[in-house]
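# Next input, structure requested:
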Amino acid sequence: MKQTTSQQKEIILTGDRATGPLHLGHYVGSLKERIQLQHLHEQTILVADMQGLTDNAHTPKKVSENILNVVADYLAVGIDPVKTTICLQS
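Numbering: from 1, shown residues only. Okay, here's the model as predicted:
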């Protein structure tokens, strides 16, 4: 992470593969922290559809159908798109 001045926010890049709906494990493991970090840092969250294809190449529809579900889950738990950039990896 590069920080040039004390006023500049650190940058965070994180994400989830779009291979299914997010669940309680995602919330406890990372989403809860991301909600807090969005207030302190410049945060970008990837919906990692290309990475999801690495083990779902035979069922790409599974990945494409879950992209909006993952984004909806982000919004439902409190990821604020004004404070956090949500983008599609592809």
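
# ok, which stretches of this structure are strands?
11-17, 42-48, 84-88 (DSSP state E).

# okay, those in CSV with mean pLDDT and mean neighbour count next?
(Each C-beta comes from the backbone N, C-alpha and C, glycine too.) Listed next are the strands of the chain as CSV, based on pLDDT from 0 to 100; neighbours: other Cβ atoms under 10 Å:
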stretch, mean pLDDT, mean neighbour count
strand 11-17, 95, 17
strand 42-48, 96, 20
strand 84-88, 97, 15
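
# want to throw the ones you listed into CSV with distance to Ala72?
Formatted as CSV, those follow (distance: least, Cβ to Cβ, whole Å):
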stretch, distance to Ala72
strand 11-17, 12
strand 42-48, 11
strand 84-88, 11
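
# Between those, which one is closest to Pro60.
Nearest to Pro60 among those is strand 11-17 (12.8 Å), distances taken as Cβ to Cβ.

# orientation of the longest helix anywhere in the chain relative to strand 84-88 in degrees?
Assignment by DSSP state H gives helix 60-77 as the longest helix of the chain. Angle, helix 60-77 to strand 84-88, by axes from the mean of the first three to the mean of the last three Cα atoms, to 10 degrees: 170 degrees.

# starting at the chain centroid, how far to helix 60-77?
10 Å (Cα atoms, centre = their mean, to the nearest Å).
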